[in-house]
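> Turn this into a structure:
(one chain, ligands or ions: 1)
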Amino acid sequence: VTTGARTLLTGRDDLAGLAWRDGLPDGAPLPAAGSLPEGAVLLQVEAVALTANTLTYGLLGERLRYWDFFPSARPGWGCLPGWGTARVEASALSELPPGSRISGLLPIATNCLLWPRRLTPLTLRDGAEHRRDLPGAYQHYERLPPTAAGAAGPDEDEALGALLRPLFVLGFLLAEHLVRLAEASDVLTVVLTSASSRASQAVAQQLTGSGLRVVGLTAAPRVTACAATGLYDAVVPYPRAEDVAGLAPDGGVVLADLAGDAAVRDQLRAALPGRLRRTVLVGATHRADDQALVPHPSAEVFFAPEQLRQRTADWGVEGLRRRQDSAWRSYLDGARRRVDLLPARGPEAVEQAYREVLAGRCSPRHGHLLLPAAG
Ligand SMILES: NC(=O)c1ccc[n+]([C@@H]2O[C@H](COP(=O)([O-])OP(=O)(O)OC[C@H]3O[C@@H](n4cnc5c(N)ncnc54)[C@H](OP(=O)(O)O)[C@@H]3O)[C@@H](O)[C@H]2O)c1
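You can find the predicted model right below:
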């Protein structure tokens with residue numbers, strides 16, 4: 001049982017600025033027993049996965065309102081949301097008693113409040129008033145079984161789920177979109193930047209069997225590890241982006257840009273005169289500028305929560321879930337061999353892991369898992 005709550009705040013204008021603060025993300029103290037707000041549950045955060053995706057939430061936090069999920073009352077500082085698992089510590093809801101566990105979007109903090117609504121045996125949604133206008137995909141939580149006796153956090157599959165599932169969902173949706181684009185524009189090759197990222201790996205894996213050639217671009221030190229995943233037909237280091245032309249000798253090319261690096265995009269456009277049919281802006285791992293993911297005439301923006309809404313309309317909630325669950329199971333089988341889980345226990349280790357990920361020093365195998373409440 002938590003004795004005091006702590007939250008990691010990040011500078012909204014400077015993601016390298018970090019400060020621990022006592023209390024819940026909004027600075028409030030832990031509610032005393034029996035004094036939870038109506039309809040709320042108090043969570044103890046077990047683990048939050050930290051990847052470049054989390055930092056992109058910070059980079060685009062003002063424009064896409066990522067700072068609004070767990071608002072901090074301190075001006076200039078925000079609480080980054082990430083994907084993880086949590087246990088109910090106190091509850092004002094009989095349907096979700098203490099000890100219940102969930103996975104979904106959580107703060108980098110020891111504790112937070114949630115206002116669960118629409119509970120089913122498998123899922124629930126957060127109904128907090130301040131999250132009402134934010135994209136629906138982020139209000140969705142899965143219910144988890146109790147931990148094994150003696151275990152205080154997620155088991156390996158739950159941890160891999162927190163780390164990989166949101167990026168797998170992107171891969172599932174984006175691969176489908178790229179196949180459609182390719183069919184419509186005589187495209188034979190897909191180029192993915194930040195090929196070492198989990199998101200790109202998921203896209204590449206989901207394109208297996210599509211008949212499209214998949215070429216990855218990554219930083220020179222990561223080429224070998226990236227090629228070793230076996231997910232790409234070829235992997236090229238950034239300084240030699242023009243080599244992509246030789247690896248895509250025929251047909252059109254579509255670029256899915258996860259690095260968000262305009263210089264790399266320009267290089268590819270120059271190397272593929274008249275052949276780069278579409279550019280899809282997906283990510284900003286290089287954090288080259290905060291104008292990442294702004295649509296312009298030569299590029300479209302892909303936003304998974306928006307695509308998820310469309311696919312739900314096409315296939316229904318159950319249809320989408322069935323398709324995703326079966327693709328996820330086969331993805332996870334391969335992915336578990338490509339990831340080393342690195343738990344960071346307690347504030348100091350959490351801060352250190354954060355700085356590693358921020359600096360982009362990680363190998364594609366590193367799977368950082370933050371456990372702020374662990375001693
Ligand atoms: N549009 C959407 O709906 C959507 C959904 C999910 C994710 N995404 C985006 O996909 C991207 C990838 O996320 P992820 O969580 O899969 O990433 P990840 O696995 O943590 O990727 C790490 C990779 O990102 C690059 N990188 C990270 N920090 C860097 C730095 N400081 N300097 C240079 N390179 C750095 C490096 O790749 P390279 O050396 O290979 O470049 C590194 O190997 C994110 O920008 C995320 O926001 C978008």
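> Next up, identify which helix or strand residue 236 is on.
strand 234-237 (DSSP states H and E).
> now the helices for the protein?
Per DSSP state H, the chain carries helices over the ranges 52-59, 61-64, 156-184, 198-206, 223-228, 244-247, 262-271, 304-335, 346-359.
> Now residue 261, what are its backbone angles?
For residue 261, the backbone dihedrals are phi -110, psi 110 (criterion: degrees, to the nearest 10).
> circling back to that earlier point, how far off centre is the strand holding residue 236?
In terms of C-alpha atoms, centre = their mean, to the nearest Å, the centre of strand 234-237 is found 24 Å from the chain centre.
> what's that strand packed up against?
strand 213-218, helix 223-228, helix 244-247 (3 or more C-beta pairs under 8 Å, 6 or more residues apart in numbering; DSSP states H and E). Where you see a C-beta, it was placed from the backbone N, CA and C, and this is true even at glycine.
> Ok, which of the helices of the chain comes nearest residue 18?
Closest to residue 18 of those is helix 346-359 (C-beta to C-beta; 5.9 Å).
> Pull out the buried residues from the closest one.
347, 349, 350, 351, 353, 354, 356, 357, 358 (16 or more other C-beta atoms under 10 Å).
> Equivalent analysis for stretch 331-347, please.
331, 335, 338, 339, 341, 342, 343, 344, 345, 347.
> Just give me the closest of the residues you listed to residue 224.
Closest to residue 224, out of all of the buried residues of stretch 331-347 and judged by C-beta to C-beta, is residue 338, at 13.5 Å.
> Find the residue closest to that closest one in space, skipping its chain neighbours.
residue 229 (5.8 Å; C-beta to C-beta, 6 or more residues apart in numbering).
> Let me see the contact set for the one you found.
For residue 229, the contacting residues are 201, 204, 338, 364, by C-beta atoms under 8 Å, 6 or more residues apart in numbering.
> Counting only strands, which of the buried residues of stretch 331-347 make the cut?
Among these, the ones falling in strands (DSSP state E) are 341, 342, 343, 344, 345.
> hey, what's the first one bridged with?
Partner residues in beta bridges with residue 341: residue 367, with DSSP bridges as the criterion.
> For it, which residues are in contact?
156, 159, 160, 163, 367, 369.
> Hmm, residue 370 and the second one touching each other?
No. Using C-beta atoms under 8 Å as the test, residue 159 is too far from residue 370 to be in contact (11.0 Å).
> Pick out whichever of the two has more residues nearby.
When neighbours are counted by other C-beta atoms under 10 Å, residue 159 and residue 370 differ, and residue 370 comes out ahead with 31 against 22.
> The more buried one touches residue 54, doesn't it?
No. Judged on C-beta under 8 Å, residue 370 makes no contact with residue 54 at a distance of 9.3 Å.
> joint contacts of the two?
By C-beta under 8 Å, 6+ apart, the residues touching both residue 370 and residue 54 are residue 82.
> The protein against the ligand: which residues are in contact?
Within the chain, the positions adjacent to the ligand are 51-53, 56, 167, 170, 194-199, 218-219, 222, 258-259, 282-286, 302-304, 359-360, 364 by C-beta under 6 Å from any ligand atom.
> buried subset of those residues?
Using 16+ other C-beta under 10 Å, the buried ones in these are 51-53, 56, 167, 170, 194-199, 218-219, 222, 258-259, 282-286, 302-304, 364.
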